[in-house]
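J.: Sequence and predicted structure are below.
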Amino acid sequence: MITGRLAQALDDRLRLSPITRRALVKVFPDHWSFMLGEIALYSFIALILTGVYLTFFFDASSADRVYRGAYAPLDGATTSAAYASTVRLSWDVRAGLLIRQTHHWAALVFVAAIVLHLARVFFTGAFRKPRELNWLIGVTMLTLALANGFTGYSLPDDLLSGLGLRIITSVVESIPLVGAWLVSLALGGEFPSDEMIPRIFVAHVLLVPAVLVALVSLHMGILVRQKHSQFPGPGRTEHNVVGSRLWPSYTLRTLALFAWVLAVLFALGGLIQINPVWLYGPFEPAQSTAPAQPDWYVAWGDGALRLFPPLEFRVAGHLVPAPFFPGVVLGGLTFLVLYAWPFVERLRTGDRRQHHLLDRPRDHPVRMGIGVAALTFYAVLTVAAGDDIIARLLRVPIYDLLSVFQVLVLVLPILAGALAFLTARALHRGGAAGVGELTRADLRRAAHRSPHPPEGEGEPETPALDRPGERIELWPEGDLWRWRYRDEARHLVIGGNRALRSEEEAISASRLAYPRVDRVVVPGPPPAPPPGPIRAALRRWGRAAAVGSLLLAALVEKRRDRRERERVDGPTPPEPAEEAPTGDGRT
Amino acid sequence: MRHSRAAARRLTLHPRRMLAVGAVLVLVAGPVALAPEPTPGAAAPAASAPSSNPADRGTELYLQQCASCHGEQGRGTQRGPSLIGVGPASVDFQVSTGRMPLSREEQQARRAEPVFSADDIGALVGHVGSFGGGGPQIPRVAPGNLASGQEIFAANCAPCHGATGAGTALTDGWTAPPLYDATATQVAEAVRVGPGLMPVFPSQVLDDQQVNDLTAYVQRLRGERLDRGGNPLGRLGPLAEGLVAWVAVLGLLVAAARWLGRRAGE
């Protein structure tokens, strides 16, 4: 009753009902993969909620402070205020550790959900026109999420995160000419500066989250404005959306997911320890710890730094240090390619139409192959960042492991990408429902360059006269006659599966199958499929080699002929061996 | 029970067979097996009737367990280093952590259940001491100051054993082991002796009080009460946490989305 009146009062003043009515009937597709982005959204909400609680107790300052509290090994120790307040948060503030851990777990889950959502959008082609804008916003949010994750990881000023910060400042410093300037601009001096923690704090709790909130709103506003994309299916077209309405069915479903995300995050925060900064100790520039890694979502950069050979050279007197390529170039290239992908693909395919129906991943084997190769590449880099842990657990020498990873990071993506490409093509051409249903024939077909249905497997086809370019081809094969149906426009060739005894019989058989189709007699068996570039090149070289060797043989023959003729006809020149003294015959 | 186990081991680890295994290992592992300071195994641990005199007992155990590699007078052989001047702390550390006697040839002995009783270890220490040469004595550990121990640990131990004490890989297949099984005395012995790749910290570097503080902190580090936040995941750090996060995302959250949403065919 009160709600009704309140709604009435609001509507009288703000005229909300048309907007609300339209919003409540907005249709969301039912497919589960559309909820991956929602997982990211809800972990972001969890991040904000827990983060606000943390700011009440966290003291973002590098100033000295004496910790007094329940953690005995640090009781009375003088550390930075940031570190002391984090330890206090973990040991002395009620629910502080639960909230801190939940915040950290939520950050890990947030980025993981973004990556999954990105993969879904990528593999289904959801970034195509008209959604390029949302792709760009999404990639920007990914970079901001990484940045905010890393700054949050660095804020407690513990030994482990201090090492990470030291590494990332070194990476920035490795940029020729401007690196050192950039670092001192960002940190307000040399690393570790007094202004480092306050600046990171402002970026972490104010700047980046504000931009993220704005971008999330924009992301969803564009989504509502453009309507959802959807998978093709019965009754689904480019102009509609099939699914559930926001109210009531989708609201319930998404709230269930929200509750579940919160439940999982708090369960992780309460049950599994994350980033025990009291064990790591405060950051001192002269100290270090091992094994040391960053959080998983930046570990690929760490892995690249570990695997890349120590290459240093000078360009016009300026040193280009080793971390430049794996750190700056790889990172920059990664996001450049991500940003550019929709436009690169449009340039490549020339497809400028609007797409509201999604591709199935198999529909674009090339995209599939590239995507899987890239994911494998970054996965190997991430695992390589844990080489010290793996070396200890497997008891193998760490440098051997590094060499193995250096090979794997180059080989595995190519293998995985090729496998994904072939699988996608086999699924696409063969029409199997899933990977488990692939047959050997599908795989064989996928290995060929051009799609041609296997001979004799002609589906019943009634060709119409209004399709140009279709004909029946007849040819003799020994005593027998064979025929096939060809549709030039659709690149379709269907062979008659029986050989017939005479031309007349072949004609009547083809007439029966394809009435009213012009017929052309082709003398000879069907031409071989066009050779691939390698085979063509080999053939060309082979031909050239054959011609060359024939020429050479002819030349040699001719010369031998001439020599023989000279010996027979002309006066033989006196041979030097005969003139020379023969010695005493000893050999 | 020990008797029967020892007998079984004697059967499987006959010296000649062990030599053959060692030769195969050398061929297979190549230079790794030939790495410096090979400390290859003794023959099977046998428990014979304990003699009453500790000196006799020590001699007897030494000849049974150690002499085949370290030599009857402790001067070392091709298979094991000299024991002259290693000091009681080193012998006690190696034997009480179960690293010696080795059951097979390997580059770095691993921690195991000690083979000898405390009395036997004492007897062995005495016998090796009789070779002469001095060396660090077994440290007497007293209670120490945790805060000072934390600082000493962070400055000297954390780079290899990790700030959490979980250990890590070093170069050439060596590892800095986790510290969670070490007793206070063993930690102090390792500090004074420097086994394996570990540097030696003599009393000029860390005085006895500092070692006491350090051992107090390491003992504290062992305690599960420091894992206040729940399962420590082996205290391996962010990548283990990332793995758990991915398992949770895929196994709980994506599964939930899949359950709430529909599949393509539906």
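T.: Thanks, I have it.
J.: For the residue positioned nearest the centre of chain B, report the pLDDT, please.
T.: Computing the C-alpha centroid of chain B and ranking residues by C-alpha atoms, centre = their mean puts B:R111 first, at 3.7 Å. Listed pLDDT for B:R111 reads 90.
J.: wait, doesn't it sit right on B:V95?
T.: No - shown here, B:R111 and B:V95 do not form a contact pair, counting by C-beta atoms under 8 Å, at 11.9 Å. No exception for glycine: its C-beta is placed from N, CA and C like everyone else's.
J.: which residues are contacting stretch A:428-436?
T.: A:362-363, A:365, A:423, A:426-427, A:438-439, A:441-442, A:445-446, A:451 (C-beta atoms under 8 Å, 6 or more residues apart in numbering or on different chains).
J.: Which members of those residues are classed as buried?
T.: With neighbours counted by 16 or more other C-beta atoms under 10 Å in any protein chain shown, the contacts of stretch A:428-436 contain buried members at A:362-363, A:365, A:423, A:426-427, A:438, A:442, A:445-446.
J.: Chain A contacts on the stretch 51-200 of chain B?
T.: Taking C-beta under 8 Å from any C-beta of the partner chain as the measure of proximity, the stretch 51-200 of chain B contacts chain A at B:146-147, B:149-151, B:153-155, B:158-160, B:162-164, B:166-173, B:175-176.
J.: Just the buried residues from these, in ChimeraX please.
T.: One line in ChimeraX is enough to select the buried ones among those; burial here means 16+ other C-beta under 10 Å:
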select /B:146,147,149,150,151,153,154,158,159,160,162,163,164,166,167,168,169,170,172,173,175,176
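J.: Identify those among the residues of the stretch 51-200 of chain B next to chain A that sit within strands.
T.: Using DSSP state E, the members of those that fall in strands are B:168-169, B:175-176.
J.: Now the two most distant members of these.
T.: Of all pairs drawn from those, the one with the longest distance (C-beta to C-beta) is B:A169 and B:A176, at 7.9 Å.
J.: would you list every one of the helices in the stretch 201-350 of chain A?
T.: In the stretch 201-350 of chain A, the helices defined using DSSP state H, counting those that start in this stretch lie at A:208-226, A:251-271, A:277-280, A:296-307, A:330-349.
J.: Helices of the stretch 101-250 of chain B, start to end?
T.: In the stretch 101-250 of chain B, the segments counted as helices under DSSP H, counting those that start in this stretch are B:118-129, B:146-156, B:158-161, B:184-193, B:208-222, B:238-248.
J.: Highest mean neighbour count out of those?
T.: Most buried of those by mean neighbour count (mean count of other C-beta atoms under 10 Å in any protein chain shown) is helix B:184-193; its value is a mean of 24.
J.: Can you give the distance of stretch A:122-133 from its chain's centre?
T.: Its chain's C-alpha centre and that of stretch A:122-133 lie 14 Å apart, by C-alpha atoms, centre = their mean, to the nearest Å.
J.: now do stretch A:20-39
T.: Chain-centre distance of stretch A:20-39: 25 Å, with C-alpha atoms, centre = their mean.
J.: That one and chain B in contact?
T.: Yes - on the criterion C-beta under 8 Å from any C-beta, stretch A:20-39 is in touch with chain B at A:30-36, A:38-39.
J.: Could you point out which of those residues is nearest to A:E195?
T.: The shortest separation between A:E195 and any of these is 36.0 Å, and it belongs to A:I39 (by C-beta to C-beta).
J.: can you list the domains in chain A?
T.: The domain map for chain A lists A:31-358, A:370-447, A:470-521, with the assignment taken from automatic domain parsing.
J.: and the last one, how far out from the chain's middle?
T.: Just to be clear, that refers to domain A:470-521. In terms of C-alpha atoms, centre = their mean, the gap separating the centre of domain A:470-521 from the centre of its chain is 47 Å.
J.: And stretch A:156-175, by the same measure?
T.: Distance of stretch A:156-175 from its chain centroid, counting by C-alpha atoms, centre = their mean, is 27 Å.
J.: quick one: contacts for the residue nearest to B:S90 when sequence neighbours are not counted?
T.: If the residues on either side of it in the chain are set aside, B:S90 comes closest to B:V193, at 4.4 Å by C-beta to C-beta, 6 or more residues apart in numbering or on different chains. The neighbours of B:V193, taking C-beta under 8 Å, 6+ apart as the test, are B:86-87, B:89-90, B:93, B:136, B:200.
J.: do you know how far B:V193 is from B:P88?
T.: Per C-beta to C-beta, to the nearest Å, B:V193 is found 10 Å from B:P88.
J.: Then A:G371?
T.: 63 Å.
J.: cool, and A:G386?
T.: Taking C-beta to C-beta as the criterion, A:G386 is separated from B:P88 by 40 Å.
J.: Among those two, which residue is more densely surrounded?
T.: Shown here are A:G386 and B:P88; by other C-beta atoms under 10 Å in any protein chain shown, A:G386 has more neighbours (26 against 21).
J.: ok, now which ones touch the more buried one?
T.: A:G386 neighbours (C-beta under 8 Å, 6+ apart): A:291, A:293, A:299, B:239.
J.: Switch those residues over to JSON lines; also include pLDDT and distance to A:G281.
T.: Listed next are the contacts of A:G386 as JSON lines, based on pLDDT from 0 to 100; distance: C-beta to C-beta, whole Å:
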{"residue": "A:P291", "pLDDT": "89", "distance to A:G281": "15"}
{"residue": "A:Q293", "pLDDT": "92", "distance to A:G281": "17"}
{"residue": "A:A299", "pLDDT": "96", "distance to A:G281": "22"}
{"residue": "B:L239", "pLDDT": "95", "distance to A:G281": "20"}
